[in-house]
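Asks: Need a 3D model of the following:
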Amino acid sequence: MSKFSKAIVLPAPWRGDRKIQSVSKWHCTGHAVRGDGAGACMQGESKLEMDHQAIQFATPDVADVIEQVRFYYGWDNEKEHTFDMLLTKTSGVRVACTVKPTARLASGKFVEHMQVVAWWVQKKKFASAVRLLTEADIDPITLHNANLNAAVRDKDPDAEAAVRAVACKLHGAISIKTLTDEVGLKDCGYRAILRMLSKRELQAVHHEQTTPQTLITWKGPQS
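Replies: Predicted structure coming up:
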C-alpha cells in the first residue's frame, strides 16, 4: 500500500449494461481496472477490445469510458445494438464505438448494419458520432505507452512536486533517465515522470515507445 494511502480503496464497480460472454475457444475475455487512482472495473470480449479501452483511457480529451452499453432503436425500440464503448469527451461530446476485427467485416453485412445503427443514433441523439474500430486503428506505439501509463496510475504528490520543481526550469529536451537522476528519487521519481507524461505536463519530443532514453520537454500543468 502506498505511503500516501490512508486505507485500501477498491475500484469503482463495473457500469456496463451487458455482461460479457463466458470464455470459449472462439474468443477471449478480459477484466481490467482502468482510470486514475483506484480506477474502475472494466470488461472486454477480446484483446482487441481491451487494447482499444487502454488507448481511450490514455487519450487526453476522453473524460470517461463505459463499456457494453445497450442502444435500443427502431420506431418502437424493438431492435438492440450493444456498443463496446461509449466515450465522453472533455467537451461533453459522446462517441459510441463498436470494435470488430477486419476479418469480420469482409462480407459487408456488419458494415451495413452499423450504417443503420448510426442513423438511429443520430435520430435519437444517443451520441454525436459512431465509430467502428478495428486493429487498423491501433498504433502499437500508442498502445505500448497507454499500457505503461496504466501501470503507474497511483499518485505520489511529493515525487511529482519534486519532478515539477526541476522540470519547470528546463530549457530544451532532456532524457527521462537524466531527469530522473536530477530529481534524485530513483524509482519514485521515474514513475512520477511517467505519470506526468501521461498527464501531458511533460511531452515526448518524438512519437516512440517510452524508455529511459526518451527525450522529453516541459509543458506545464494542463487545464
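Asks: What lies in contact with the lengthiest helix in the chain?
Replies: Using DSSP state H to define each element, the chain has its longest helix at helix 109-123. Helix 109-123 is contacted by residues 71, 73-74, 81, 96, 98, 100, 104-105, 126-127, 130, 132 when judged by Cβ atoms under 8 Å, 6 or more residues apart in numbering. C-beta here means a position set from N, CA and C on the backbone, and glycine is covered the same way.
Asks: one more time with 10 Å, if that's ok
Replies: Helix 109-123 is contacted from outside by 71-75, 77, 79-81, 83, 94-96, 98, 100, 104-105, 126-132, using Cβ atoms under 10 Å, 6 or more residues apart in numbering.
Asks: Send me it as CSV with only the CA atoms.
Replies: The C-alpha trace of helix 109-123 is given here as CSV (Å, rounded to 0.1, in the frame of the first residue of the first chain):
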residue,chain,number,x,y,z
LYS,A,109,-23.2,-7.2,-43.8
PHE,A,110,-21.9,-5.8,-40.5
VAL,A,111,-20.9,-2.5,-42.0
GLU,A,112,-24.5,-2.2,-43.5
HIS,A,113,-25.9,-3.0,-40.0
MET,A,114,-23.7,-0.3,-38.5
GLN,A,115,-24.8,2.3,-41.1
VAL,A,116,-28.4,1.7,-40.0
VAL,A,117,-27.5,1.8,-36.3
ALA,A,118,-25.5,5.1,-36.9
TRP,A,119,-28.6,6.7,-38.5
TRP,A,120,-30.7,5.8,-35.5
VAL,A,121,-28.0,7.0,-33.1
GLN,A,122,-28.3,10.4,-34.7
LYS,A,123,-32.1,10.3,-34.9
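Asks: what about stretch 132-152, start to end distance?
Replies: 30 Å (Cα to Cα, to the nearest Å).
Asks: ok, what's across the strand from residue 12?
Replies: residue 40 (DSSP bridges).
Asks: What is the neighbour count of residue 171?
Replies: 7 (other Cβ atoms under 10 Å).
Asks: pLDDT (mean, whole number) over whatever helix or strand residue 197 lives in?
Replies: Residue 197 belongs to helix 187-198 when assigned by DSSP states H and E. For helix 187-198, mean pLDDT is 94.
Asks: With stretch 70-83 instead?
Replies: 96.
Asks: Look up the closest residue to the residue nearest the centre of the chain, ignoring the ones flanking it.
Replies: Nearest residue to the geometric centre of the chain (Cα atoms, centre = their mean): residue 57, 1.7 Å. Closest residue to residue 57 apart from its sequence neighbours, by Cβ to Cβ, 6 or more residues apart in numbering: residue 34 at 4.8 Å.
Asks: what about the one you found, distance to residue 136?
Replies: 23 Å (Cβ to Cβ, to the nearest Å).
Asks: Comparing these two, which shows the higher neighbour count?
Replies: For residue 34 and residue 136, the more surrounded residue by other Cβ under 10 Å is residue 34, and the numbers stand at 20 against 8.
Asks: Was I right to think that one contacts residue 62?
Replies: No. Counting by Cβ atoms under 10 Å, residue 34 stays clear of residue 62, with 11.1 Å between them.
Asks: Thanks a lot, see you next time.
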